[in-house]
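Trainee: Build me a structure from this.
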Amino acid sequence: MSEQETAAEVPTQKAAAEQAAKTVGAAKKTPAKKAAPAKKTPAKKAAPAKKAAAAKKSATAKQAPAKKTAAAQKSPADKTPAKKTAAKKAPAKKAPGGRPESRASKAKRAAQLNEALAEVYYYAHPELDFENPFELLVATVLSAQTTDLRVNQTTPALFAAYPTPEDMAAANPEELEELIRPTGFFRSKAKSLLGLSAALRDDHGGKVPGTIEELVKLPGVGRKTAFVVLGNAFGVPGLTVDTHFGRLVRRWKLTEQTDAVKVEQEIDDLLPESEWTMFSHRTIFHGRRICHSRKPACGACPIAELCPSYGEGETDPEKAKKLLKYEMGGQPGQRLKPPADYPGRP
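Mentor: Numbers count the residues shown, from 1 in each chain. Got it, this is the predicted structure:
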């Protein structure tokens, strides 16, 4: 290489070196300037992202409890009250249209049943033998937990020994118990007879009172016994709610009550007062003869078309006919001294 070439090369090298230095310096400055914004930019973007994520998470968290709460509220509302409503409405009887039966509908059926029973049991009457209010009162007290026939077989000797309240109040308890022993529960019944006889003697001049308020105050006398006496000895209308009566009016869907007083109140509201006493007799007659407790004779029932419970008992006519009792089955009734128009034999 010549000296001229070497001299020319030196400035070139210096220029190259200077250019390289400038490049390096520029390179060093450029990353520094770009790095700062690069660090700031992600930081700024990250913050909104985190806030957005946090906001989204918060919104989700808020929505989740809301859904759970709604579900929790919906579940009891859909399930628990539904069960309670079903439990309350289950006993309620409904008309064919699905609605609870109205009072007017029940009253109409009660009138139809009463009319039909009146044709079948035109001779219905109290099945206890008696000749005066005192005898009817005593016989009715004795009829608890036994048949009227058993009472009718017992009272002739009883009334022969104690014909008046004064006589019975002065009776020897043991002798009285022995006379009424066949009717069962004779000790408690004797106590009631002695108590009511004394009350009649001391408080009512030896006469049986003619009001429900006074009768139920007598020992051993409840509303059923009182209405038997009032209806049949004094002509005062009243329902006699015994086991037969209560069973049948429930089968006829006239009431759902089982308490005797509540049954009385509901049936009173369905029939005219003038029909109360005879409706009692007809219903009790039907319960004793055809619509029995355990096995009703549905197939031989003359009022089956009116009965909402038809089919609970024997529906075959021939089999049902064998279940009939008393005069319906060709047997004697419960009275030893029946009325003149009684169709059966004593």
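
Trainee: start to end distance for stretch 227-244?
Mentor: 15 Å (C-alpha to C-alpha, to the nearest Å).

Trainee: my bad, stretch 291-309
Mentor: Stretch 291-309: ends 11 Å apart by C-alpha to C-alpha.

Trainee: Report the buried residues of it.
Mentor: 291-292, 296-301, 303-304, 307 (16 or more other C-beta atoms under 10 Å). C-beta coordinates here come from the backbone N, C-alpha and C atoms, glycine included.

Trainee: Export these as TSV, with columns for pLDDT and distance to Leu230.
Mentor: Listed next are the buried residues of stretch 291-309 as TSV, based on pLDDT from 0 to 100; distance: C-beta to C-beta, whole Å:
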residue	pLDDT	distance to Leu230
Cys291	98	25
His292	98	28
Pro296	97	30
Ala297	98	32
Cys298	98	34
Gly299	98	37
Ala300	98	33
Cys301	98	30
Ile303	98	27
Ala304	97	32
Cys307	97	29
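
Trainee: Nearest to Ser192 among those?
Mentor: His292 (28.8 Å; C-beta to C-beta).

Trainee: could you list every residue that touches that closest one?
Mentor: 313, 323, 325 (C-beta atoms under 8 Å, 6 or more residues apart in numbering).

Trainee: Apply 10 Å and report the result again.
Mentor: 244, 247, 286, 313-314, 323-325 (C-beta atoms under 10 Å, 6 or more residues apart in numbering).

Trainee: Show me those residues that map onto helices.
Mentor: 244, 247, 286 (DSSP state H).

Trainee: Surely the first one and Ile284 touch.
Mentor: Translated: His244. Yes - the pair His244 and Ile284 passes the contact test of C-beta atoms under 10 Å, sitting 4.7 Å apart.

Trainee: want to throw the buried residues of stretch 291-309 into JSON lines with distance to Tyr162 and secondary structure?
Mentor: Formatted as JSON lines, those follow (distance: C-beta to C-beta, whole Å; DSSP: H, G, I helix; E, B strand; the rest coil):
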{"residue": "Cys291", "distance to Tyr162": "37", "secondary structure": "coil"}
{"residue": "His292", "distance to Tyr162": "35", "secondary structure": "coil"}
{"residue": "Pro296", "distance to Tyr162": "40", "secondary structure": "coil"}
{"residue": "Ala297", "distance to Tyr162": "40", "secondary structure": "coil"}
{"residue": "Cys298", "distance to Tyr162": "45", "secondary structure": "helix"}
{"residue": "Gly299", "distance to Tyr162": "46", "secondary structure": "helix"}
{"residue": "Ala300", "distance to Tyr162": "42", "secondary structure": "helix"}
{"residue": "Cys301", "distance to Tyr162": "42", "secondary structure": "coil"}
{"residue": "Ile303", "distance to Tyr162": "42", "secondary structure": "coil"}
{"residue": "Ala304", "distance to Tyr162": "46", "secondary structure": "helix"}
{"residue": "Cys307", "distance to Tyr162": "44", "secondary structure": "coil"}
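
Trainee: if we can go back for a sec, distance to Gln145, pLDDT and neighbour count added to the ones in helices among the contacts of His292, as a markdown table?
Mentor: Converted to a markdown table, these look like this (distance: C-beta to C-beta, whole Å; pLDDT from 0 to 100; neighbours: other C-beta atoms under 10 Å):
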| residue | distance to Gln145 | pLDDT | neighbour count |
| --- | --- | --- | --- |
| His244 | 14 | 97 | 20 |
| Arg247 | 16 | 98 | 16 |
| His286 | 21 | 98 | 25 |
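
Trainee: buried sites along stretch 180-191?
Mentor: 180, 183, 186, 189-190.

Trainee: from these, which two are the most distant?
Mentor: Thr183 and Ala190 (10.1 Å).

Trainee: any residues in contact with both of these two?
Mentor: With C-beta under 10 Å, 6+ apart, Thr183 and Ala190 have common neighbours Leu142.

Trainee: now the helices: where do they sit in the stretch 101-250 of the chain?
Mentor: In the stretch 101-250 of the chain, the helices defined using DSSP state H, counting those that start in this stretch lie at 103-120, 133-142, 148-161, 165-169, 173-180, 186-203, 212-215, 223-233, 243-251.

Trainee: Redo these as a markdown table? Include distance to Thr258.
Mentor: Shown next, in a markdown table, are those (distance: least, C-beta to C-beta, whole Å):
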| stretch | distance to Thr258 |
| --- | --- |
| helix 103-120 | 17 |
| helix 133-142 | 22 |
| helix 148-161 | 23 |
| helix 165-169 | 34 |
| helix 173-180 | 30 |
| helix 186-203 | 24 |
| helix 212-215 | 22 |
| helix 223-233 | 14 |
| helix 243-251 | 7 |
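
Trainee: Looking at these, spot the one closest to Val263.
Mentor: helix 243-251 (5.4 Å).

Trainee: Quick one, grab the pLDDT at Gly333.
Mentor: The model reports Gly333 with a pLDDT of 90.

Trainee: residues touching it, list them.
Mentor: Counting by C-beta under 10 Å, 6+ apart, Gly333 has contacts 123, 125, 127, 148-149, 152, 285, 288-289, 325-327, 342-346.

Trainee: For Pro209, see how far away it is.
Mentor: 30 Å (C-beta to C-beta, to the nearest Å).

Trainee: Can you tell me the element the residue nearest to Ala118 when sequence neighbours are not counted falls in?
Mentor: In space, Ala118 comes closest to Arg282 once its chain neighbours are excluded; the distance is 6.3 Å by C-beta to C-beta, 6 or more residues apart in numbering. Element membership of Arg282, judged by DSSP states H and E, is helix 276-289.
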